[in-house]
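> Got a predicted structure plus its sequence, pasted below:
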Amino acid sequence: MTLQLNVPLYTGGLISSRTREAVQLQEQSREQLEQTRRATERQSRDAFRSVTASISTVTALKQAVASNQIALEAAEAGNEVGTRTLVDVLDAQFILYRAKRDYARARYDYLLSTLRLKRAAGTLAPKDLEQVNSYLTASGS
């Protein structure tokens, strides 16, 4: 009975090469994971700041619309009694409509910011889009 042992002493570095490759692939995956984590964190932070800023903007522009409405009424009343001209009334109307436009745009930006925040947080659902759609449909009528 003979026993034969066949052990390759050198395989051209195949095993050590594959080991180094696996280690490098693992490191590459870790780096990609870290980049993704940082990007997600940055997007979430930016979206939150955008929502916060949008809330302040909407609040301020809502007050501007109310203020400009009062200014228009005062200009119309002044025109009736002769202390204001029609140009004053038209200017007040222009300013009011511009404020209303800016207010509508700010509300729209707020909705988009909210959706971006939910997307960044991973909580965006179809019902969120349906709610926004119904809000836009109701406010557009």
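Arrived safely.
> Just the endpoints, please. Distance across stretch 120-133?
Using CA to CA, to the nearest Å, the end-to-end distance of stretch 120-133 comes out at 20 Å.
> how far is that stretch from where the chain is centred?
12 Å (CA atoms, centre = their mean, to the nearest Å).
> How about the backbone phi and psi for L5?
Phi and psi for L5, reported as degrees, to the nearest 10, are phi -120, psi 120.
> What is the neighbour count of it?
For L5, the neighbour count with other CB atoms under 10 Å is 4. Heads up, the C-betas are built off the backbone N, CA and C, glycines and all.
> quick one: what helix or strand has N79 in it?
Per DSSP states H and E, N79 falls inside helix 14-81.
> again, but for V87
Judged by DSSP H and E, V87 forms part of helix 86-121.
> any idea of the mean pLDDT for that helix?
Here helix 86-121 scores 94 as its mean pLDDT.
> buried stuff in it?
Neighbour-count burial for helix 86-121 flags 88-89, 92, 95-96, 99, 102-103, 106-111, 113-118, 120 (criterion: 16 or more other CB atoms under 10 Å).
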